[in-house]
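Enquirer: Show me the folded form of this:
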Amino acid sequence: MDVETVVVGAGHAGLAASWALSEQGLEHVVLEQGRVGQTWRADRWRTFRLNTARWMSRLPGQAPADAERDGFDTAEEFADALAAYARARRLPVCSGVGAVAVRRSGGGYVVQAADESLATRNVIVATGFQKLPRRPSSAAALSPRLLQLDTATYRSADELPDGGVLVAGGGQSGAQIAEDLARGGRRVVLATSRVGRVPRRYRGRDALAWWTESGFYDRRRDEVDDMALQMRQPLLSGNDDGHTLSLQLLHGLGVVLAGRVEAASGEEVRFDSSAERNAAFGDQVSAALCRDIDAHIERRGIDAPPPGHDPADEPVPRFGRDAPRSLRLDRESIGTVIWCCGMRPRLDALAALGVGADVEHVEGVTAEPGLYLIGAPWLATRKSGIIWGAPEDAARIAAHIARRSAGRPTERRDGARVT
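Expert: Sure, this is the predicted structure:
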């Protein structure tokens, strides 16, 4: 055996895994196809900022300076912070190794990277569970005249052809890109989605700060219903020191709001009738989340100010009822379509194992002995899919590997034995 554990990927989840393994005194190496934080460097638009403040976006032992803790990193700043963390902690990261492939060998694995192969007993996959943009099949049927991009390839309004832009998908990325385009002077049509929203600040604090304190982020996946598990991250923005992001705000910027894309062919795009329902759903989620914070404040007896006035968080009666049901893109002078239809995992490193995006696991421990996942939404708790949750998941996985390395019995939370 060349090394006890191989971590594949050096983003925040991979470095959290490396930190946790180091804390356990476990031999390991981290393999990164490009640079540390490569996805943050390469797959974000120019004005992108994290939705979590710096105090929520740092790994253990890397607290930001007091004057900077409430700010929001750009993608490049965050990637640089990850690289600095790896250097300061002397984490065993090998970057620029190219594509990585994992295959079984005896009772363990062989990890192939470039011209080198490593025999190992354990593999932690941290290659990204929100990594590869999805596009509907109808994208291929659109006119070749159109420039088609996605959340990983859009950079800025200035780099697009003249004309308006259709943003297809109203989740966090779609809404943020629509705002970026509108503020860049572009005419924008946004095909909305059933996505909640939350005020950036509520009763004197960042809403996410209330969530870290109230236990909202610590809810386990077996403590919530299927609807909660399937719900996408609410609309929110870290730009301009953080602000509420809502369909109301986008409407005020001149963005035309439509329903979901129902069909697309040539120059024509048809939308369903969900725009009004999507706007109402955002309002309902915002109100429910605020009620949860109110209940926490009352339970704890916290002296918090009353809710303030935020125009971007105010429901608008009959909002979305005038949404278009179809568009001729050429007649509307729309030259670009940006698909923001969600992301899928990048697990090509596991192709030889026959493992796909639906790999079965319990809190990151798969049925394959010695194979672990980290960074997936709801891996164990609500915070698992964000930076804030990675260290806790990493510590649990490292402890599992330590027991396995010591020859002690290991099992998953569901009671299944893992040898």
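
Enquirer: longest single strand anywhere in this structure?
Expert: strand 116-125 (DSSP state E).

Enquirer: average pLDDT for that strand?
Expert: Taken as a whole, strand 116-125 has an average pLDDT of 95.

Enquirer: how about the strands in the stretch 201-350 of the chain?
Expert: 201-202, 205-206, 256-258, 261-265, 268-271, 326-328, 334-339, 343-344 (DSSP state E, counting those that start in this stretch).

Enquirer: ok, back up a step: go through the longest strand of the chain and flag the buried ones.
Expert: Neighbour counts over strand 116-125 (16 or more other CB atoms under 10 Å) mark 118, 120-125 as buried. To be clear about C-beta, it is placed using only N, CA and C from the backbone, and glycine gets the same treatment.

Enquirer: now the strands of the stretch 201-350 of the chain in JSON lines, with mean neighbour count?
Expert: As requested, those are exported to JSON lines (neighbours: other CB atoms under 10 Å):
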{"stretch": "strand 201-202", "mean neighbour count": "22"}
{"stretch": "strand 205-206", "mean neighbour count": "17"}
{"stretch": "strand 256-258", "mean neighbour count": "25"}
{"stretch": "strand 261-265", "mean neighbour count": "17"}
{"stretch": "strand 268-271", "mean neighbour count": "20"}
{"stretch": "strand 326-328", "mean neighbour count": "14"}
{"stretch": "strand 334-339", "mean neighbour count": "23"}
{"stretch": "strand 343-344", "mean neighbour count": "16"}
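
Enquirer: do you know which of those lies nearest residue 406?
Expert: The minimum distance between residue 406 and the strands of the stretch 201-350 of the chain falls on strand 343-344, with 36.2 Å, by CB to CB.

Enquirer: Direction included, what does the longest strand of the chain pair up with?
Expert: Within its sheet, strand 116-125 is paired with strand 3-8 (parallel), strand 108-113 (antiparallel), strand 371-373 (parallel), according to DSSP bridges.

Enquirer: So which of those is nearest residue 318?
Expert: strand 371-373 (45.0 Å).

Enquirer: which element follows the closest one toward the C-terminus?
Expert: helix 390-405 (DSSP states H and E).

Enquirer: Buried residues in that next one, which are they?
Expert: Per 16+ other CB under 10 Å, helix 390-405 contains these buried residues: 390-398, 400-402, 404-405.

Enquirer: just the helices in the stretch 1-150 of the chain please.
Expert: 12-23, 38-42, 75-88 (DSSP state H, counting those that start in this stretch).

Enquirer: residues making contact with the second one?
Expert: Contacts with helix 38-42, where a contact means CB atoms under 8 Å, 6 or more residues apart in numbering, come from 10-11, 32, 34-35, 75-76, 78-79, 82, 128, 131, 152.

Enquirer: Restricted to buried residues, select these in PyMOL.
Expert: Buried residues within those, by 16+ other CB under 10 Å, are selected in PyMOL with:
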select buried, resi 10+11+32+35+75+78+79+82+128+131+152
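
Enquirer: Tabulate the buried residues of helix 390-405 (a markdown table), appending distance to residue 333.
Expert: Shown next, in a markdown table, are those (distance: CB to CB, whole Å):
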| residue | distance to residue 333 |
| --- | --- |
| 390 | 44 |
| 391 | 49 |
| 392 | 49 |
| 393 | 47 |
| 394 | 49 |
| 395 | 54 |
| 396 | 53 |
| 397 | 52 |
| 398 | 55 |
| 400 | 57 |
| 401 | 57 |
| 402 | 61 |
| 404 | 61 |
| 405 | 62 |
